[in-house]
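Undergrad: Sequence plus predicted model, see below.
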Amino acid sequence: MQLYCPSLTEYQRLATREVRVGDLLLGNFHPIRIQTMTTTDTMDTEATVAQTIRCIEAGAELVRITAPSKREAENLLAIKNELRKRGFNTPLVADIHFTPNAAEIAARIVEKVRVNPGNYVDKKKFELIEYSDADYAEEIERIRERFTPLVKICKEYGTAMRIGTNHGSLSDRIMSRYGDTPMGMVESAMEFLRIARFESYHNIVLSMKASNPQVMVQAYRLLVKAMVEEFNECYPLHLGVTEAGDGEDGRIKSAIGIGTLLEDGLGDTIRVSLTEDPELELPVCRDMIKRYRPNRSASAILIPPTGNRLPYDPFHYQRRESIAIGNIGGKQVPVAIADLSRLQSITAQSLESVGYAYDAATDKWNISDTAADYIFTGQAPLDFSLPGTLKVITWPGHWINAADKEKYFPIFDAKGYLEAGQKSETMNFVMLDCFSEYSPLHGFDYLDELSIDPRVVICLSSKHPHTMPAVRRVFIELMERKIANPVVLITDSNWQTPDEHLIHYATETGALLLDGMGDGICLGMTADSYQHMGSEFALQASGRNYLQNNTVEQFINNTAFSILQATRTRISKTEYISCPSCGRTLFDLQETTAKIRARTNHLKGVKIAIMGCIVNGPGEMADADFGYVGSGPGKITLYKGKEVVKRNVNSDVAVEELITLLKENDAWVNPA
Ligand code: SF4
């Protein structure tokens, strides 16, 4: 195993134990299972049955239902019986927080229970307590006493269990020793896992969810490492990004976290948590896993000679060191390059799609927070004057004709660059296809030739079926050779639907950005995909309410900025951390999220959590700056960080009160 996965260069699933959930087998190389969770009140049997059936018909292989207390746990029997009566045998999972009694009832009824080790035994008080080793051991003994009965019931009834840690809802004990860290998340699960193993109970799945994909990815990697080191075997992994939100951002955030791990063969079941109807999560799950077809492993990627000694730390974020060339590389945020080369002709109006709106009356450009830094035209110099902050990349034959060499830069292939007679004095983009440029025959020596030139920005892409690892392999080589030229990630998509494109871009580039690799991104589409997407926009027939872009270029540009935001490498907009809702939810999450978004989506960099209940919400809203949390029917409690600032506000004025809170804390600016 290479640190945390079977291979960093070849697609291989991580070997995990086989777990039985009813008739469903997962782990041990069984297909990656997809699942979701109902949002209905568990006491409303008819509504929960109806929604479960919609989820099953949409493809769910497991359906989770919340059981906040003994009553709901008991009602799982009525739900299960009704489903079975109607011919649906899909396994059900009870979601448990804070209530061991409910877990012990549910474990006798449904096929799987999910417990959160952060709150199964402990009541979280957000207290920082100093634990001596003896205190700590005593706490573990207390957990053993409280958790063992559930383990025994699961063993007796053949019920599976997920030990599901969430970033933000770690116990005070774990927080005091490890802080709110990926390592704390791992240890939180390992404490419970050790107790289960002591009872020879192994029907276990584990999860390490966070709303920040970076934290989530690090936690899963660390968990695999910890399991291998301690037990020499791994339990199946349930992957998910919590509170991912809705629409494009929800899909992108989820794909970055889940996709990064799937790329390395980690993950036996996935759930995409969207603030949308649960059945809408399943097509997204399917789009994520269908990428991993058998030919994925066709490998000609050179294994790094250093084996397990990587030149970067996959368990902590650190940006790869690079020199700055213009506004690319060094300590600067990654740049966004918009590919406009598929437009027949580029006019001033075309730039509106990538964040620049020309106002003829004032002869000024209005520049949005998500305005591209560069456009790639592939054409002759443009016949209008450009916004001050925008630069153009084009082929060398056209670049030569550009009068303003401060604004225009050439892009070469590697051979073309080495042989070129005329180059930019300041910045040259050089494309490398990580598959065709290097292979066991070519090696990597060509990199040295390019990199002695401090005017070269390397543009990496790959046609290898296992693309991201092929590009990552070149990064490893750059680091080993101490080559510090900045690198732009070029990712083309040949998929068809908007969701497929989002998932592709987010996985391929997000996985690298999370490991600190990449000083810029440029997303594009093959001609076929571009044409297909163009007709999709023209028809507006998709029925996807999140598809709020007018052109393919706008869709791609917004996706690029959303990826940078979700990887926290460049913040350009408001961030929403909204829970997917469940049977505990106290208000209409989708409607409220839309309302809050409409009022606050101009607040660049502010993180707002919208959580359905006060039981889990405050813990799980992680590092949000402000929180809007359901605290009772028609009541909302507002938070600043983890601190309650307005308790039980009437829901009809709560959005207004949130705006007041933002204003009181200097987090508000008037919309432009
Ligand atoms: S925070 Fe949302 S999803 Fe989580 S338990 Fe509360 S209502 Fe359910």
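TA: It's in. Since the structure is predicted, the reported quantities are computational estimates derived from the model, not experimental observations.
Undergrad: From now on I want contacts and neighbour counts done on CA atoms only, so please keep to that.
TA: Noted.
Undergrad: pull the helix or strand with minimum mean pLDDT from this structure.
TA: Lowest on mean pLDDT, DSSP states H and E among the helices and strands of the chain sits helix 445-451, with a mean of 76.
Undergrad: for it, which positions count as buried?
TA: Leu447, Leu450, Ser451 (16 or more other CA atoms under 10 Å).
Undergrad: Stretch 143-150 now?
TA: Within stretch 143-150, the residues scored as buried using 16+ other CA under 10 Å are Ile143, Arg144, Phe147, Thr148, Leu150.
Undergrad: Now do the SS call for the fourth one.
TA: Okay, so that is Thr148. helix (DSSP: H, G, I helix; E, B strand; the rest coil).
Undergrad: Glu139 versus the most far-flung residue of the chain relative to its centre, what's the distance?
TA: What lies farthest from the middle of the chain is Gly421; by CA atoms, centre = their mean that is 43.9 Å. From Gly421 across to Glu139, the span is 72 Å (CA to CA, to the nearest Å).
Undergrad: What's the end-to-end length of stretch 85-98?
TA: So stretch 85-98: terminal residues 31 Å apart, CA to CA.
Undergrad: Close to the ligand: what parts of this structure are there?
TA: Proximity of the chain to the ligand (CA under 6 Å from any ligand atom) is limited to residues Cys579, Pro580, Ser581, Cys582, Arg584, Thr585, Met611, Gly612, Cys613, Asn616, Gly617.
Undergrad: Which of those fall within helices?
TA: The helices, defined by DSSP state H, take in Gly617 from the residues of the chain next to the ligand.
Undergrad: just the residues of the chain next to the ligand: which has the poorest pLDDT?
TA: Among the residues of the chain next to the ligand, Asn616 has the lowest pLDDT, at 80.
Undergrad: Who are the contact partners of that one?
TA: For Asn616, the contacting residues are His97, Ser169, by CA atoms under 8 Å, 6 or more residues apart in numbering.
Undergrad: Repeat that for Ala506.
TA: Per CA under 8 Å, 6+ apart, neighbours of Ala506: Ile252, Lys253, Ala255, Ile256, Gly259, Ile563.
Undergrad: what's the neighbour count on the nearest residue to Ala484 once chain neighbours are set aside?
TA: Closest residue to Ala484 apart from its sequence neighbours, by CA to CA, 6 or more residues apart in numbering: Ser322 at 4.3 Å. Neighbourhood size, Ser322 [other CA atoms under 10 Å]: 21.
Undergrad: Looks to me like Ser322 is in a helix.
TA: No: judged by three-state DSSP, Ser322 forms no part of a helix; its state is coil.
Undergrad: I figured it was touching Gly330, is that so?
TA: Yes: look at Ser322 against Gly330 with CA atoms under 8 Å: they come within range, at 5.0 Å.
Undergrad: Common neighbours of the two, please.
TA: Joint contacts of Ser322 and Gly330 (CA under 8 Å, 6+ apart) are Pro486.
Undergrad: Name the nearest residue to the residue in the stretch 101-250 of the chain that the ligand sits nearest to, ignoring sequence neighbours.
TA: Minimum separation of the stretch 101-250 of the chain from the ligand (CA to the nearest ligand atom) falls at Glu243, amounting to 7.9 Å. Once flanking residues are discounted, Glu243 sits nearest to Cys579: 4.2 Å by CA to CA, 6+ apart.
Undergrad: Quick check: the gap between that neighbour and Ser7.
TA: 34 Å.
Undergrad: Among the two, which residue is more densely surrounded?
TA: Cys579 (29 against 19).
Undergrad: what packs against the strand or helix carrying Arg177?
TA: According to DSSP states H and E, Arg177 maps onto helix 172-178. Using 3 or more CA pairs under 8 Å, 6 or more residues apart in numbering; DSSP states H and E, the elements in contact with helix 172-178 are helix 182-198.
Undergrad: How about residues contacting the helix it packs on?
TA: 117-118, 140, 144, 147-148, 151, 163-167, 170-171, 174-175, 177-178, 202, 206, 208, 215-216, 218-220, 222-223, 226.
Undergrad: the inter-axis angle of the helix or strand following that helix versus helix 182-198?
TA: Where DSSP H and E defines the elements, the next helix or strand beyond helix 182-198 is strand 204-209. Going by axes from the mean of the first three to the mean of the last three CA atoms, to 10 degrees, strand 204-209 is angled at 170 degrees with respect to helix 182-198.
Undergrad: Restrict the helix or strand harbouring Gly627 to CA atoms and write it as PDB.
TA: Element membership of Gly627, judged by DSSP H and E, is strand 626-632. What follows is strand 626-632, C-alpha atoms only, in PDB (Å, rounded to 0.1, in the frame of the first residue of the first chain):
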ATOM      1  CA  PHE A 626     -22.700  32.800  11.000                       C
ATOM      2  CA  GLY A 627     -25.300  30.200  11.600                       C
ATOM      3  CA  TYR A 628     -29.100  30.200  11.100                       C
ATOM      4  CA  VAL A 629     -30.400  27.200  13.000                       C
ATOM      5  CA  GLY A 630     -33.900  25.800  13.600                       C
ATOM      6  CA  SER A 631     -34.400  25.700  17.400                       C
ATOM      7  CA  GLY A 632     -38.200  24.900  17.600                       C
END
